[in-house]
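Enquirer: just a sequence and a predicted model for now, questions to come.
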Amino acid sequence: MSDIFTVIAPVNIAVIKYWGKRDEELILPLNDSVSATLDTSVMCAKTSVCARPDFNEDEIWLNGKKESFSNPRLQNCLREIKSRATAEKTVDDTFLSWKVHVCSQNNFPTAAGLASSAAGYACLVTALAKLYKVKSDVSSIARLGSGSACRSVYGGFVRWHAGTNPDGSDSIATQIADAKHWPEMRALILVVGESKKKVSSTKGMRVSMATSDLIKHRVEYCVPKRTEEIIKAIKEKNFAQFAEITMKDSNQFHSICLDSYPPFVYMTDVSHYIVELVHKYNDFCGEPKVAYTFDAGPNACLYLLEDEVPTVISLIKHAFPSSTPDRFITGLDIEEGSLSSEVLNNLAQPQAKDLIKYVIHTKVGEGPTEVNSGHLLSEDGLPVEL
């Protein structure tokens, strides 16, 4: 009988955005992207896999519900892992013929712009690699599930290389710096909404590719320059430079959404107020102390250094009052600290209650990790909690 393998994998939030594919099926991006991998102790996907001779079909359960295994992206990942195992001769043909069971869950909302698919597919591919004893880099296989999943295969700061080969063999992720390189780096995720977005990333990219003139300028001119600049800023731990590039790239990505035809938006009035608040705070400090970035959703990810967290939290609490203040901040513990009421009132007027549902405080963390307890599948290969 086959063992059960369980892996937890992280979310990553890009600072140089991936938007647009040069190949839809292989998920090959138009441009390089750069991200930070976030701590799995706060947000993660968890996946258990096993293969047995008595399983009749490949089966998958996601967040407590049985789903169809016919999803092409899911099948592509499994096929490529098996192909790699065959090439590396890590398991025999009999084992390769057995069907697999997969059970996966996220500890955060899916499809709300919180990079759930990145964590989910990085987790799935890493767990399958353990099951089939694959030793080589699996970032190119994770990419087949969800483009940004290839960045979640590594901890710390990660670059996804767009590559030039038509087969996608050079479209892989590499680590820029590990999780210990910039230990002061923190992230605050401001959850504005958990509802599913109106325009999926896949559809949005397609519309932008077909209709936006700005995306061409971004890919040819802006991203190559910004990528080199932000890698230098990360290596030198130059936060002001890191912050400015991060914010400019986020703004440009959302400008492309408006430059598309018909236009579509992911940011809301609350998102725009967060942008205004960050710029006011940075002006007050005399230099960039906080950087915002928004993926394809309304939620903000604020990057900042550890010593800035208490004052920024006090500003967020002031600007966005909560009817459940005890549960408003989740994740890592925070030292108490605050700005004076005079400064707070100068920087922001309190908005209506509960415009931000909660704030996740986290940090840069490690890549996927195998865990030896808390399997989601039981000994007979069925979900533990169903």
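Expert: Everything's here; your move.

Enquirer: the stretch 51-200 of the chain: helices as residue ranges?
Expert: With DSSP state H, counting those that start in this stretch applied, the stretch 51-200 of the chain shows helices at 72-88, 93-97, 116-131, 139-145, listed in chain order.

Enquirer: JSON lines for these, including mean neighbour count and mean pLDDT?
Expert: The C-beta positions use only the backbone N, C-alpha and C, and glycine is treated the same way. Rendered in JSON lines, the data for the helices of the stretch 51-200 of the chain read as follows (neighbours: other Cβ atoms under 10 Å; pLDDT from 0 to 100):
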{"stretch": "helix 72-88", "mean neighbour count": "17", "mean pLDDT": "96"}
{"stretch": "helix 93-97", "mean neighbour count": "11", "mean pLDDT": "97"}
{"stretch": "helix 116-131", "mean neighbour count": "27", "mean pLDDT": "95"}
{"stretch": "helix 139-145", "mean neighbour count": "27", "mean pLDDT": "96"}
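
Enquirer: of all the ones you listed, which lies closest to G64?
Expert: With Cβ to Cβ as the measure, helix 116-131 is the member of the helices of the stretch 51-200 of the chain nearest G64 (14.0 Å).

Enquirer: point out where the stretch 51-200 of the chain drops to low pLDDT.
Expert: By pLDDT under 70, the low-scoring segments of the stretch 51-200 of the chain are 109-115, 194-195.

Enquirer: thought L376 was touching V7?
Expert: No: in this structure, L376 sits apart from V7 without contact. The criterion is Cβ atoms under 8 Å, and the distance is 10.5 Å.

Enquirer: overlap in contacts, these two.
Expert: Between them, L376 and V7 share these contacting residues under Cβ atoms under 8 Å, 6 or more residues apart in numbering: K46, T47.

Enquirer: so the two - more neighbours on which side?
Expert: Neighbours per residue, other Cβ atoms under 10 Å: of L376 and V7, the larger number sits with V7, 26 against 22.

Enquirer: which among the helices of the stretch 51-200 of the chain is found nearest to A291?
Expert: The stretch from these with the least distance to A291 (Cβ to Cβ) is helix 116-131; that distance is 19.7 Å.

Enquirer: what's the spacing between that closest one and its chain's center?
Expert: Chain-centre distance of helix 116-131: 13 Å, with Cα atoms, centre = their mean, to the nearest Å.

Enquirer: only alpha carbons, please: show that helix as PDB.
Expert: Extracted C-alpha coordinates of helix 116-131, given in PDB (Å, rounded to 0.1, in the frame of the first residue of the first chain):
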ATOM      1  CA  SER A 116      -5.400  30.800  -3.300                       C
ATOM      2  CA  SER A 117      -4.800  29.000  -6.600                       C
ATOM      3  CA  ALA A 118      -1.000  29.700  -6.400                       C
ATOM      4  CA  ALA A 119      -0.800  28.100  -2.900                       C
ATOM      5  CA  GLY A 120      -3.200  25.200  -4.000                       C
ATOM      6  CA  TYR A 121      -1.300  24.100  -7.100                       C
ATOM      7  CA  ALA A 122       2.100  24.600  -5.500                       C
ATOM      8  CA  CYS A 123       0.900  22.300  -2.700                       C
ATOM      9  CA  LEU A 124      -0.600  19.700  -5.100                       C
ATOM     10  CA  VAL A 125       2.500  19.500  -7.300                       C
ATOM     11  CA  THR A 126       4.900  19.300  -4.300                       C
ATOM     12  CA  ALA A 127       2.800  16.600  -2.700                       C
ATOM     13  CA  LEU A 128       2.600  14.600  -6.000                       C
ATOM     14  CA  ALA A 129       6.300  15.000  -6.400                       C
ATOM     15  CA  LYS A 130       6.800  13.400  -2.900                       C
ATOM     16  CA  LEU A 131       4.400  10.600  -3.800                       C
END
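
Enquirer: what angle sits between it and helix 72-88?
Expert: Taking axes from the mean of the first three to the mean of the last three Cα atoms, to 10 degrees, helix 116-131 and helix 72-88 form an angle of 30 degrees between their directions.

Enquirer: would you map the strands across the stretch 51-200 of the chain?
Expert: Taking DSSP state E, counting those that start in this stretch, the strands of the stretch 51-200 of the chain run over residues 59-62, 65-67, 99-106, 157-160, 173-177, 185-191.

Enquirer: out of the ones you listed, which is the most enclosed?
Expert: By mean neighbour count, with neighbours taken as mean count of other Cβ atoms under 10 Å, strand 157-160 ranks first of the strands of the stretch 51-200 of the chain at a mean of 25.

Enquirer: run the chain-centre distance for it.
Expert: Taking Cα atoms, centre = their mean, the mean C-alpha location of strand 157-160 is offset from the chain mean by 12 Å.

Enquirer: show me what that strand is packed up against.
Expert: strand 33-37, strand 173-177, helix 223-236 (3 or more Cβ pairs under 8 Å, 6 or more residues apart in numbering; DSSP states H and E).

Enquirer: neighbouring contacts of it?
Expert: Under the criterion Cβ under 8 Å, 6+ apart, external residues in contact with strand 157-160 comprise 12, 18, 29, 32-37, 139, 143, 147-148, 150-151, 171-177, 181-182, 227, 231, 234, 364.
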